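Enquirer: what's the 3D shape of this:
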Amino acid sequence: MKPAARRRGVALPPERSVAPREIRLIGVPMDLGAGRRGVDMGPSAMRLAGLEANLEALGHRVTDLGDIPVPIPEVRKPGHGPKYLKEILGACDKLARKVEKILDERAVPIVLGGDHSIALGTVTGLARHFRRKGQEFGLLYVDAHGDMNTPESSPSGNVHGMPLAAVLGLGSRELVEFGGFSPKVKRERTALLGIRNVDDAERGLILKAGIAAYTMRDLDERGVPAVVREALAVVTSGTEGFHLSFDLDSLDPTIAPGTGTPVRGGIGYREAHLLMELVADTGHLVSMEVAELNPVLDDRNVTGQLAVDLILSAFGKRIL
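Expert: This next block holds a predicted model:
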C-alpha cells in the first residue's frame with residue numbers, strides 16, 4: 001500500500017539519508033565525583049538497553065571498547081579538597097587519551113557515564129585533537145545544574161559539579177591545568193542549556209564566564225526550537241564540530257527517575273527528542289557523552305532505555 005500522503009496526491013519530501021559513521025563506545029563507570037552511589041552501573045544499563053545494536057540498525061559501524069578502569073570509593077579515601085581528586089584525574093587522563101585516539105582515527109566517541117566529572121576527560125581529549133590541527137570545536141552542555149563550581153565555591157566538594165568551570169579555565173590549578181593547558185574550549189563557543197538549579201556562588205561564576213546560558217525559563221518563554229537552534233549556532237559557528245555533554249538530570253524526573261540529582265521541571269520527552277533531532281540535523285556532532293545514569297534509582301531501566309533512545313535521535317533516527 002502506498003503511503004497515506006501519496007494516496008491524497010501530496011508529494012512526500014525527499015528522503016534524507018543518514019550518513020554511516022564509525023562509532024566507538026567507551027564506558028566510564030565513574031562513581032567518585034557524585035554524592036550518591038550507583039552511577040558506576042550506568043554504562044552497563046545503556047548497553048543492556050541495546051545501544052550498540054540499535055546504532056548499527058541505523059547504518060553506523062559500532063565498536064565497543066569496554067570500560068575504563070575506575071577505583072571504587074570503598075577502597076579510597078576522599079582526601080582534602082575536591083573529593084577523590086587524584087582518582088578522578090587518573091581516570092579522566094585515560095579517557096582523554098582514548099577520546100583523542102578515536103578522533104584521530106576519524107571515528108566518533110560516545111562516552112557512557114558515570115557521573116559528570118567524566119566531562120573533564122572527554123573535553124580534554126577533544127581539545128588535544130583539535131589543538132594539534134589548529135582547529136576549534138564547540139561544547140553544548142545540557143544539564144539541570146551549572147557544573148560551574150570551583151573547589152572554593154562548592155558546598156559539597158563533589159567534582160561532578162565542577163567540570164564545566166574547569167574546561168573553561170575556572171577553578172583550582174589541578175583541575176584547570178589538567179592535560180597541561182587551559183582553557184580546553186573557548187567560552188564564546190560554549191552553550192549551557194536547561195539549567196534550573198544553580199548555587200548562589202555558581203550563578204556569579206556563570207555570569208563571569210560570559211558563556212551562552214539558557215535556563216528552563218528561556219525554553220518555556222521562547223520555545224525549545226528557537227533556543228536550541230540559537231545554542232547550536234553558538235557551538236557550530238567557526239568550529240569543525242561540537243561535543244554534546246548530556247546529563248540525564250536535565251530531563252524531568254517523571255520521565256527519567258534514574259539519576260542521583262533530580263530536579264523537578266525539566267525537559268520533557270518530546271522536547272528532549274526534538275533537541276537531539278536538531279543536533280543530528282546540523283551534521284556537526286563530533287562526539288557525545290551521557291552522564292549521571294543511576295540504575296539503583298531507576299524503574300526497570302526506563303531511564304537507561306530513554307538514554308539510548310536519545311542517543312539514537314542524535315545519530316539520525318527519525319519518524320519519517
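Enquirer: touching, Leu192 and Pro163? I think so.
Expert: No. Judged on Cβ atoms under 8 Å, Leu192 makes no contact with Pro163 at a distance of 11.8 Å. Every residue, glycine included, has its C-beta placed from N, CA and C.
Enquirer: tell me the SS of the residue most central in space within the chain?
Expert: The residue lying closest to the centre of the chain (Cα atoms, centre = their mean) is Ser245, at 1.8 Å. Recorded secondary structure, Ser245: strand (DSSP: H, G, I helix; E, B strand; the rest coil).
Enquirer: could you measure from it over to Ile319?
Expert: Ser245 sits 26 Å away from Ile319 when distances are taken as Cβ to Cβ, to the nearest Å.
Enquirer: that older thread, and the residue nearest to the centre of the chain, bridged to which residues?
Expert: Per DSSP bridges, the residues bridged to Ser245 are Tyr141, Glu289.
Enquirer: so what's it scoring on pLDDT?
Expert: Listed pLDDT for Ser245 reads 98.
Enquirer: residues in contact with it?
Expert: Residues near Ser245 by Cβ atoms under 8 Å, 6 or more residues apart in numbering: His116, Ala119, Thr122, Val123, Leu139, Leu140, Tyr141, Val142, Asp143, Met288, Glu289, Ala291.
Enquirer: out of these, flag the one nearest to Ala91.
Expert: Thr122 (11.3 Å; Cβ to Cβ).
Enquirer: mind listing what the closest one touches?
Expert: Contact analysis of Thr122 by Cβ under 8 Å, 6+ apart lists Leu95, Ala96, Val99, Pro109, Val111, His243, Ser245, Ser287, Glu289.
Enquirer: list phi and psi for it.
Expert: Backbone torsions of Thr122, given as degrees, to the nearest 10, read phi -60, psi -50.
Enquirer: show me where this structure has helices.
Expert: Taking DSSP state H as the test, the helices found in the chain are 4-7, 42-48, 51-57, 85-104, 118-132, 163-168, 173-176, 200-209, 216-222, 224-236, 269-282, 302-314.
Enquirer: and the last one, which residues are buried?
Expert: Using 16 or more other Cβ atoms under 10 Å as the burial criterion, the residues of helix 302-314 that qualify are Thr303, Gly304, Gln305, Leu306, Ala307, Val308, Asp309, Leu310, Ile311, Leu312, Ser313, Ala314.
Enquirer: got the confidence number for the third one?
Expert: Among the per-residue scores, Gln305 shows a pLDDT of 98.
Enquirer: burial measure for the nearest residue to it once chain neighbours are set aside, as a count.
Expert: Excluding the flanking residues, the one nearest Gln305 by Cβ to Cβ, 6 or more residues apart in numbering is Ala49, at 4.5 Å. By the criterion of other Cβ atoms under 10 Å, Ala49 has 20 neighbours.
Enquirer: can you list the low-confidence ranges for the protein?
Expert: 1-18 (pLDDT under 70).
Enquirer: how many residues are close by the closest residue in space to Phe130 that isn't next to it in sequence?
Expert: Excluding the flanking residues, the one nearest Phe130 by Cβ to Cβ, 6+ apart is Phe137, at 4.9 Å. As a burial measure, Phe137 scores 27 neighbours (other Cβ under 10 Å).
Enquirer: ok, now which ones touch Phe137?
Expert: Leu126, Ala127, Phe130, Val185, Arg189, Thr239, Glu240, Gly241, Phe242, His243, Val286.
Enquirer: those residues, buried ones only, as a ChimeraX selection?
Expert: Of those, the buried ones go into a single ChimeraX selection, burial set by 16+ other Cβ under 10 Å:
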select :126,127,130,185,189,239,241,242,243,286
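Enquirer: I'd like to know how far the residue nearest to the centre of the chain sits from Asp299.
Expert: 25 Å.
Enquirer: ditto for Glu271
Expert: Glu271 is 21 Å from Asp299, by Cβ to Cβ.
Enquirer: these two: who's more crowded?
Expert: Legend: neighbour count by other Cβ under 10 Å for Glu271 and Asp299, higher for Glu271 (18 against 9).
Enquirer: nearest residue to that one other than its sequence neighbours?
Expert: Using Cβ to Cβ, 6+ apart, the nearest residue to Glu271 is Val224, at 4.7 Å.
Enquirer: wait, isn't the one you found in contact with Leu274?
Expert: Yes. The criterion here is Cβ under 8 Å, and Val224 meets it with Leu274 at 5.7 Å.
Enquirer: neighbour count winner among these two?
Expert: The residue with more neighbours, out of Val224 and Leu274, is Val224; 20 against 16, by other Cβ under 10 Å.
Enquirer: now the residue nearest to Gln305: how far from His60?
Expert: In terms of Cβ to Cβ, Ala49 sits 16 Å off from His60.
Enquirer: same question for Leu320.
Expert: Counting by Cβ to Cβ, the gap from Leu320 to His60 is 19 Å.
Enquirer: which one of these two is surrounded by more residues?
Expert: Between Leu320 and His60, counting by other Cβ under 10 Å, His60 is the more crowded of the two (20 against 8).
Enquirer: sweet, I'm off.
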